[in-house]
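Visitor: Sequence first, then the predicted structure:
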Amino acid sequence: MYYLNGNGKLECEGWFRFANGVDFGWANSDGTLRTNGFSYDPYGRVVFYHWNGMVARGLITDGVYYYSMDMTDGHYLGQFPVN
């Protein structure tokens, strides 16, 4: 998965904001997006990278736990079990 920003430039090497002005992502040095689930943002905080490279915000689940992710930048806030 790759992402071309609003100017048509391939994002590579780091944290960036998607053209919608809200969502964040991480582009590897070769331009591929980080899409591997839980990992870290550039500030060392845990975030969740969706299949499309966007950082999850709000409430997400894996069917066992609900994970609360910050609504602004997607960093992990806590979890609780699915009943």
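Guide: Received it, and whenever you're ready, just let me know what you need. Residues are numbered from 1 along each chain as shown.
Visitor: Just the buried residues of stretch 42-61, please?
Guide: Under the neighbour-count criterion of 16 or more other Cβ atoms under 10 Å, stretch 42-61 has V47, F48, Y49, H50, G53, M54, V55, A56, R57 buried. (Each C-beta comes from the backbone N, C-alpha and C, glycine too.)
Visitor: Return the distance of the third one relative to N83.
Guide: Meaning Y49. Taking Cβ to Cβ, to the nearest Å as the measure, Y49 falls 27 Å from N83.
Visitor: same deal with the last one?
Guide: Using Cβ to Cβ, one obtains 23 Å as the distance from R57 to N83.
Visitor: try the fifth one
Guide: Per Cβ to Cβ, G53 is found 31 Å from N83.
Visitor: do the first one as well
Guide: Computed with Cβ to Cβ, the distance linking V47 and N83 is 25 Å.
Visitor: Leaving out the residues flanking it, which one is nearest to S68?
Guide: L77 (4.3 Å; Cβ to Cβ, 6 or more residues apart in numbering).
Visitor: Count residues in the vicinity of the one you found, would you?
Guide: 13 (other Cβ atoms under 10 Å).
Visitor: That one is in contact with D70, isn't it?
Guide: Yes. Judged on Cβ atoms under 8 Å, L77 makes contact with D70 at a distance of 5.8 Å.
Visitor: ok, back up a step: out of the buried residues of stretch 42-61, who's nearest L4?
Guide: G53 (11.8 Å; Cβ to Cβ).
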